[in-house]
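[1] Any chance you can model this:
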Amino acid sequence: MAEQDLFVSETTFRVRYVETDAMGIVSHINYITYFEEGRSNYARQRGHSYSQFEQDGYYLMVTEVNARYIKPARYDREITVRAWIKETRSRTLTFNYEILDTETKTLLVTGSSKHICVTHKGDIARIPDNWRAWGTTS
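    Coordinates of the predicted model:
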């Protein structure tokens, strides 16, 4: 669960048929896409979209992703992705995630992703101040 003093973004949507197998269960790889949607919405809610981040000359490359599958999400169920920044360093960000069934509040998946900031030329760069201010710098 996210710490109480952190900003936590919530994104809610319905599981689409294309994301499921023949049993109506979400395929494991789609949770990584759900993490991305949560991360993108987090940035929008903080006032600095990822598309603007790219226009400013940067990318956040994924260096690590972890997911713990607790219960399956199912077709046509509404799910909520919660995202927050766990750690901010000069060149990296780590996000944490929870995916819940919106109606029952059942925890389905937890996870994290670590990202490194690079320029469009591929050089490692400092994360811009407006993004670094979202978390604790160490």
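[2] What is the longest helix of the protein by residue count?
    helix 30-45 (DSSP state H).
[3] So which other helices or strands are in contact with that one?
    Here helix 30-45 touches strand 9-14, helix 50-55, strand 58-69, strand 78-88, strand 92-101, strand 107-119, going by 3 or more CB pairs under 8 Å, 6 or more residues apart in numbering; DSSP states H and E. Bear in mind the C-beta positions are built from the backbone N, C-alpha and C, glycine included.
[4] shaky segments in this structure?
    The model of the chain has pLDDT under 70 over residues 1-5, 135-138.
[5] picking that back up, for residue 40, find the nearest of the helices and strands packed on helix 30-45.
    Among those, the nearest to residue 40 by CB to CB is helix 50-55 (5.4 Å).
[6] Against the centre of the chain, work out the most remote residue.
    residue 22 (26.7 Å; CA atoms, centre = their mean).
[7] sec struct for that residue, please.
    coil (DSSP: H, G, I helix; E, B strand; the rest coil).
[8] Residue 134 now?
    coil.
[9] ok, it to residue 22 distance?
    41 Å (CB to CB, to the nearest Å).
[10] ok, now residue 122?
    According to CB to CB, residue 122 stands 41 Å off from residue 22.
[11] what's the first-to-last distance across stretch 23-32?
    Using CA to CA, to the nearest Å, one end of stretch 23-32 lies 20 Å from the other.
[12] to the chain's geometric centre, what's the distance from it?
    Counting by CA atoms, centre = their mean, to the nearest Å, stretch 23-32 is centred 16 Å from the centre of its parent chain.
[13] got it, and stretch 6-24?
    Mean-position distance between stretch 6-24 and its chain equals 12 Å (CA atoms, centre = their mean).
[14] And for stretch 95-113?
    Worked out by CA atoms, centre = their mean, stretch 95-113 lies 11 Å from the chain centre.
[15] what does it contact?
    1-2, 12, 31, 34-35, 38-39, 42, 62, 64-73, 77-86, 94, 115 (CB atoms under 8 Å, 6 or more residues apart in numbering).
[16] Perfect, I'm done here.
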